[in-house]
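> Quick check, what structure comes out for this input:
(3 chains)
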Amino acid sequence: MPKLKINGKDVEVPAGATIIQAYKASGQDICHYCWHPGLSVAGVCRLCMVQVEGIPKLQIACNTEAKDGMVVNNNSEMVKETVKWGLDFHLINHPLDCPICDQAGECGLQDQYMQFGAYDPEMAEQKVKKSKVVDLGPTVVLDSERCILCSRCTRFCDEVTKTSELGIFNRGDHSEIGIVEGKPLNNNYTLNTVDICPVGALTSKDFRFRQRVWYLKEADSICPGCSTGCNVKVHYNEEGLWRVKPRVNPDVNGHWMCDVGRNTYKYVNIKNRLLAGKVGRRDSWMEMSPNDATRTAGMRLKDVVDKHGPESVALVLTGQYTNEEYKDLLVYFVTGLKLKNIFHWVNNPEKLNDFDGLLFRGDRNPNTKGLEAALKLAGSKGRWEDLQAGLNGKKIKAVVVAGPEDQSVYPDMNEKVALFAQADNLVWFTACPSDALNGSGAETWQIPVKTHAEKAGTFTNFQGKEQKFPLATTIVPQALTLSEAAEVLAGKELNWALRPKSLGGAKNNYATTERGAL
Amino acid sequence: MFTLSAEGQELVKKELTRYETPYSAIIPALYRVQKENGWVPEDAVLHLSQLMNLPASHINEVLHFYTMFNKKPVGKLHIQVCTNVSCAMNGGRELADALCKRFNVKYDEVSADRKITISRVECLGSCDTAPMMQVNDRYLENLTPELAIKKITEMGG
Amino acid sequence: MQQTKLLSEHYDKPEFQNLDGYKKHGGYAVLAKALKMDPKAIIEEVKASGLRGRGGAGFPTGTKWSFLPANGEPRYLLCNADEGEPGTFKDRLMMERAPHQLIEGMIISAFAIGSKKSYIYIRGEYDYSIACVRKAIDEAYKAGLLGKNILGSGFDHDMDVYAGAGAYICGEETGMISSIEGLKGQPKLKPPFPAVQGYLRKPTIVNNVETLAAVKYIIRDGAAAYRKYGTEKSPGTKLFSVSGNVTKPGNIEVPLGISLKDMIEMCGGLKPGRKLKAVIPGGSSAPVLTADEAMKATMDYECLAQMGSMLGSGAVIIIDDSNSMVDLLDVIMHFYHHESCGQCTPCREGTGWLSKIVHRILKGDGEPKDIDLIKKVSEQMMGKTICALSDAAAMPAISFVTKFRGEFEQHLQKARTTSGGVAHA
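Prediction:
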């Protein structure tokens, strides 16, 4: 383990580490664009210059191995002057369009210029004209004039997705990022290029011009899109969620996440949500508060159990809830109602083990492993045939379903509603409305529940790794978590003083349904 | 879409195994396209990508990096006049201007009769014979505008 | 003064182009000799000769070879025939007049370093050179001089030509490697250096045409004989490409260390009535010499380095008083702007910036502060990038505006007068 001195501070790094990694490890700032920990070293922005004692020329920290006994600095006048000029070289052909640039507020060029810049640009020539608003594919737009040619996006497509859609064409200051016509940037990871673009050259069609980033808050979360459980940040304001970005976790997702996962914020927003409890059937529904709907459902379930015994009620769970919720709900049903009919609704069994080799898995539930563990603990032996037989034979009088938060990944939604509605009573916890449920012939309780972003909890990913996440924001305050629902079903009162309040999420976030075009 | 002749496709396939990496066949393949078509059209990139099983973006990068590949049509005689230092000192730029005037064509454009394109290029490594120019593959050296015009005319310009 | 013809001895004989003719003049006899030597002894001989790379950098060839890892890993020999440095035309002539001399030098070098495969990377514009070398390689294969078991020595070697397609940067050795690998000709980050990881990440030696041909003569006559030419630190003869304002421009071969004054004389001197103004002694990347400096200069690595310039590729451009230095710098800056590969920011942006400033001055739109700005920008382009193209653009810029500052200032003045006042009113 080499030990070296960086700006006077002792740092120890793993053998083979570079000086820039040593800077990161020591928590000290170093200017850079092209270097990215998840990509190969390009060494082209020439900004991470350091002075190494004993070497006359400045070295780039990203391609210089940290060796034992090295004394390195990037705060000498020589380095500072070089970095200032380096930034000016980056800026001479970069448009000063920050006021209309989507990257403003999270722009590497802005941030680093504030810290290391010259503040007195001497460039007085005509800037090079390049392509604007280039449609690279379904998700990403390019502004070539803003591009500083760091090559992160092309390296990403060459090295990570190995799809090589992007190239840098021409040479010198006429170089431009681009695609070949007929070969758009179209894979499941395209938006990572937007994340790693240090300037406003690559922007997301889904997000551009929607929000100024400094008005957004962010919270850690876990992507609910599949069983990988990518660590993410959700960005939100009082109107709801606006985007999802990856959070580094070398054990799970590295630096990346997929485009499918980025869309998971959409159903969370208010326009797509079930806001009130609905009790009734087909064309006749009565709205009531989620709390009241849950209470009346709880009373009905008790009646059924009293009359027909616990085997007349079935509980169906999907892998879309937290470990804590499974536990609380199962405690009530197993110890409270003595239920044995507990079933795992697997949405797409034939694709369950699919994997794209990077991050995206065929199991589109964030918590299949957690559910399996909870079912095992509860002693569930529920075989799907038993459920079917019980329904066909009218032995099962009531079905309680913790339905999918994201219905779009449940292709069998209609079919399952029809199946469960064979029982006289159907209690369905759901975050979003469903046409299938509205057509249910059973006496049905549709009870709004919270989404992953609105509750704290734990998902167990495909590796069996338990990942805790905090509550990010509250969009539908009246909706319940399954844990809360378990209490209300049991006839208890919720402590309303402790429940999260709305952050104003009732405002209509128009973009949820209208985004996605150039 | 542009496609190579059967013979051209054979050549490209042979080039694919000639070098240690198939990527090395990109430059020879682009040369072949230019030989058959006079210039390299945008859609030739997709054709080569399929033929060679290499990413289109990489082929396009190569195409746009090297100046000898014509990215737009050129005349039958592609006249490239050196205007780098030694030629510039010996009248290379004036020679180029004179040719444009005589053949009534702007730089890098094709003359109305499709016969001529005149470009100014960097050093061609024949500085002792300045000013000089390259017409298609041929070097013409120690030129004056009159001599150059005479030779171009002889070549069918 | 007479030329000292070692490499160019038989340039004037058309038969020297063909294998038979080449053999008549002792061709491939040195190869036969070399194949009986210990490869290490060849490397030692080359080291002892003090041969320095003739492409531009002047790095000692034997030392370069000794950077190769001492293991059985496959290794490549690449001949750099991308000759793109403005003013240089020596390699083209050798490939056209004496292709076998290059091939023989290459096989000897390949044997010395244990390489079984070599490429000659020839710039695409050199259509005729490519044809000559291809033909010579075919002849060599047919005569058992290439391929398996060369001359019964047990040494196998394959050689091929790779044609470039128009990019100055491919003359940079790692840019050339990228180009042969089928990529854009962008230089690679160093370390690793090519001797350790070059072509396809395998150990690779890149040498210039003239360097590899010289190896033949070093092995033929011995290092001591080679050292009889030239100076202590710049041994041997060198091919110089002399162009510009001399009456008999051309390729000449002379021992390193001759005076630049003699060289100009050998090329017929200046045109009547003209005065020497400046000399670019080593290709357009080399800092320019004033007439005074030129008169004192000797053509060897150390003298020119001492004068703050360089021998480079041996392209000597003689500039007389009919030229405007502002105009010439504009031509040179246009060139580097055109040829920057675009990877490293200081070069990509700096070459364009310099070109624009100089062009503006030339067109009469300059401002007094521009001269210092050119210097500042150039200084920040030096030593900051992956390869030396950025330095190659900066060095002439700094030397032109420093050594001919008066002329630049005059130009600004004239611009003001002719435009009737302040340029930017």
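> and stretch A:58-67, does that touch chain C?
Yes. Against chain C, stretch A:58-67 shows contacts by CB under 8 Å from any CB of the partner chain at A:58, A:63. The way it works is simple: take the backbone N, C-alpha and C, and place the C-beta from them, glycine included.
> so who does residue C:254 touch?
Contacts of residue C:254 were listed using CB atoms under 8 Å, 6 or more residues apart in numbering or on different chains, and they are C:1, C:3, C:4, C:237, C:238, C:240, C:263, C:266, C:299.
> now, which of those residues sits nearest chain B?
Using CB to the nearest CB, residue C:240 is the member of the contacts of residue C:254 that lies nearest chain B, at 10.7 Å.
> just checking, the closest one is part of a strand?
Yes. With DSSP: H, G, I helix; E, B strand; the rest coil as the criterion, residue C:240 is part of a strand.
> Skipping adjacent residues, who's closest to it in space?
residue C:314 (4.5 Å; CB to CB, 6 or more residues apart in numbering or on different chains).
> need the residues of chain A near chain C, please.
Counting by CB under 8 Å from any CB, chain A sits next to chain C at A:41-47, A:49, A:57-58, A:63, A:81-82, A:85-86, A:89-90, A:92-93, A:122-123, A:125-126, A:128, A:148-149, A:151, A:168, A:170-175.
> Among those residues, which are located in strands?
A:49, A:168 (DSSP state E).
> And the residues of chain A next to chain C, which of them are buried?
Buried members of the residues of chain A next to chain C, counted by 16 or more other CB atoms under 10 Å in any protein chain shown: A:42-47, A:49, A:58, A:63, A:82, A:85-86, A:89-90, A:92-93, A:122-123, A:128, A:148-149, A:151, A:168, A:170-175.
> Contacting chain B as well, which ones from the residues you listed?
The subset of those within reach of chain B, by CB under 8 Å from any CB, is A:168, A:170, A:171.
> got these as JSON lines, with pLDDT columns?
Below are these laid out as JSON lines (pLDDT from 0 to 100):
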{"residue": "A:168", "pLDDT": "98"}
{"residue": "A:170", "pLDDT": "97"}
{"residue": "A:171", "pLDDT": "96"}
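> Nearest to residue A:289 among these?
When these are compared for distance to residue A:289 (CB to CB), residue A:168 comes out closest, at 57.6 Å.
> Excluding sequence neighbours, find me the nearest residue to residue A:127.
Nearest non-adjacent residue to residue A:127 (CB to CB, 6+ apart): residue A:93, at 4.9 Å.
> got a list of what that neighbour touches?
By CB under 8 Å, 6+ apart, the contact set of residue A:93 is A:127, A:128, A:145, A:173, C:349, C:352.
> mind checking how far it is from chain B?
18 Å (CB to the nearest CB, to the nearest Å).
> can you check residue C:121 too?
11 Å.
> what do you get for residue C:135?
For residue C:135, the distance to chain B equals 15 Å [CB to the nearest CB].
> Equivalent analysis for residue C:231, please.
Residue C:231 is 26 Å from chain B, by CB to the nearest CB.
> Would you mind confirming that that residue is in contact with residue C:299?
No. With contact defined as CB atoms under 8 Å, residue C:231 does not reach residue C:299; the gap is 9.9 Å.
> Low-confidence regions, chain C specifically.
C:415-425 (pLDDT under 70).
> Can you name the residues of it sitting close to chain A?
Of all the residues in chain C, those lying near chain A are C:167, C:169, C:184, C:189, C:191, C:337-346, C:348-353, C:356-357, C:360, C:373, C:376, C:380, C:383-386, going by CB under 8 Å from any CB.
> Any figure for the gap between the residue of the stretch 1-150 of chain A found nearest chain B and chain C?
Across the stretch 1-150 of chain A, the shortest distance to chain B (CB to the nearest CB) belongs to residue A:136, at 11.3 Å. From residue A:136 over to chain C the distance is 20 Å, taken as CB to the nearest CB.
> do the same with residue A:475
From residue A:475 over to chain C (counting by CB to the nearest CB), the distance is 44 Å.
> For that residue, give me its contacts.
A:240, A:241, A:268, A:269, A:270, A:273, A:451, A:453, A:454, A:502, A:505.
> What does the pLDDT read for the closest residue to residue A:62 other than its chain neighbours?
Excluding the flanking residues, the one nearest residue A:62 by CB to CB, 6+ apart is residue A:35, at 4.1 Å. We have a pLDDT of 97 for residue A:35.
> ok but residue A:35 is inside a strand, no?
No. Secondary structure assignment (three-state DSSP) places residue A:35 in coil, not in a strand.
> close enough to count as contact, it and residue A:46?
No. Counting by CB under 8 Å, residue A:35 sits too far from residue A:46 to count as a contact (10.8 Å).
> Quickly list what's touching both of these two.
In contact with both residue A:35 and residue A:46: no residue, using CB under 8 Å, 6+ apart.
> May I see the contacts of residue C:254 arranged in a markdown table, with neighbour count and secondary structure as well?
Converted to a markdown table, those look like this (neighbours: other CB atoms under 10 Å in any protein chain shown; DSSP: H, G, I helix; E, B strand; the rest coil):
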| residue | neighbour count | secondary structure |
| --- | --- | --- |
| C:1 | 11 | coil |
| C:3 | 16 | coil |
| C:4 | 19 | coil |
| C:237 | 23 | strand |
| C:238 | 29 | strand |
| C:240 | 29 | strand |
| C:263 | 23 | helix |
| C:266 | 19 | helix |
| C:299 | 25 | coil |
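> tell me which parts of chain B are close to chain A?
B:42-43, B:45-46, B:49, B:55-61, B:64-65.
> Please pick the buried ones from those.
Buried among those (16+ other CB under 10 Å): B:45, B:46, B:49, B:55, B:56, B:57, B:58, B:59, B:60, B:61, B:64, B:65.
> which strands and helices sit next to the one helix or strand the first one maps to?
Meaning residue B:45. According to DSSP states H and E, residue B:45 maps onto helix B:42-52. Applying 3 or more CB pairs under 8 Å, 6 or more residues apart in numbering or on different chains; DSSP states H and E, one finds that helix B:42-52 contacts helix B:6-18, helix B:26-37, helix B:56-65.
> to the chain's geometric centre, what's the distance from it?
Chain-centre distance of helix B:42-52: 19 Å, with CA atoms, centre = their mean, to the nearest Å.
> If anything else comes up later, I'll come back, but that's it for now.
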